[in-house]
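[1] no sequence for this one, just the structure:
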């Protein structure tokens with residue numbers, strides 16, 4: 001690459017030689033001091049404007065997100081009818097407390113423990129829903145105790 005020997009702005013002869021000529025470019029010291037800082041600042045502003053414009057254009061072209069749909073399993077215990085908030089507001093906290101106690105007492109779900117051998121050598125005490133089922137940590141292992149002893153008594 002060949003470098004000029006004269007300033008491209010004012011035409012004055014350049015005094016620099018070697019690597020200094022490459023750093024400052026084809027301008028004399030006076031022109032470089034006058035225009036050099038502004039050119040760098042202008043280039044930063046132009047780059048910032050281009051990045052901002054590209055970001056804004058990308059956001060404008062982005063498709064809108066799909067509507068939120070909540071799907072429920074077919075065997076869900078939740079009712080299909082919408083919730084009546086007026087009825088819930090009329091209930092007192094005492095009534096709801098009695099209802100929650102009566103519903104939990106009427107359910108005869110048995111709870112079992114995992115029963116698999118732990119690193120300590122004792123049976124695992126984590127609760128599971130069915131007899132013979134293991135907790136997430138002991139899947140595939142056998143129980144240390146019999147199935148009758150795995151049931152938790154209320």
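    That came through, no problem. As the structure is a prediction and not an experimental result, all values here were calculated from the model.
[2] neighbours around residue 144, how many?
    Neighbours of residue 144 under the rule other CB atoms under 10 Å: 16. Backbone N, C-alpha and C define where each C-beta goes, glycine included.
[3] That one is in contact with residue 115, isn't it?
    Yes. Between residue 144 and residue 115 there is a contact at 5.8 Å, judged by CB atoms under 8 Å.
[4] Can you pull the residues that touch both of those two?
    residue 123 (CB atoms under 8 Å, 6 or more residues apart in numbering).
[5] List the beta-bridge partners for residue 151.
    Beta-bridge partners recorded for residue 151 (DSSP bridges): residue 112.
[6] So it versus residue 77, what's the distance?
    For residue 151, the distance to residue 77 equals 23 Å [CB to CB, to the nearest Å].
[7] of the two, who's got more company?
    Looking at residue 151 and residue 77 with other CB under 10 Å, you find the greater number of neighbours at residue 151, namely 12 against 6.
[8] Residue 110 is in contact with that one, correct?
    Yes. The pair residue 151 / residue 110 is scored as a contact, 5.6 Å apart, by CB under 8 Å.
[9] which residues do those two both contact?
    In contact with both residue 151 and residue 110: residue 131, using CB under 8 Å, 6+ apart.
[10] what's the pLDDT at the residue positioned nearest the centre of the chain?
    Note on the chain: the residue nearest the mean C-alpha position is residue 65, at 16.5 Å, using CA atoms, centre = their mean. Note on residue 65: pLDDT of 86.
[11] What strand or helix carries it?
    Residue 65 is part of no helix or strand when elements are defined by DSSP states H and E.
[12] what do you get for the one 5 residues further on?
    Assigned by DSSP H and E, residue 70 belongs to no helix or strand.
[13] Now it, what are its backbone angles?
    Residue 70 has phi and psi values of phi -110, psi 120 when expressed as degrees, to the nearest 10.
[14] Next up, the contacts around it.
    Contacts of residue 70 (CB under 8 Å, 6+ apart): none.
[15] Equivalent analysis for residue 118, please.
    For residue 118, the contacting residues are 124, 138, by CB under 8 Å, 6+ apart.
[16] Relative to residue 52, how far out is it?
    59 Å.
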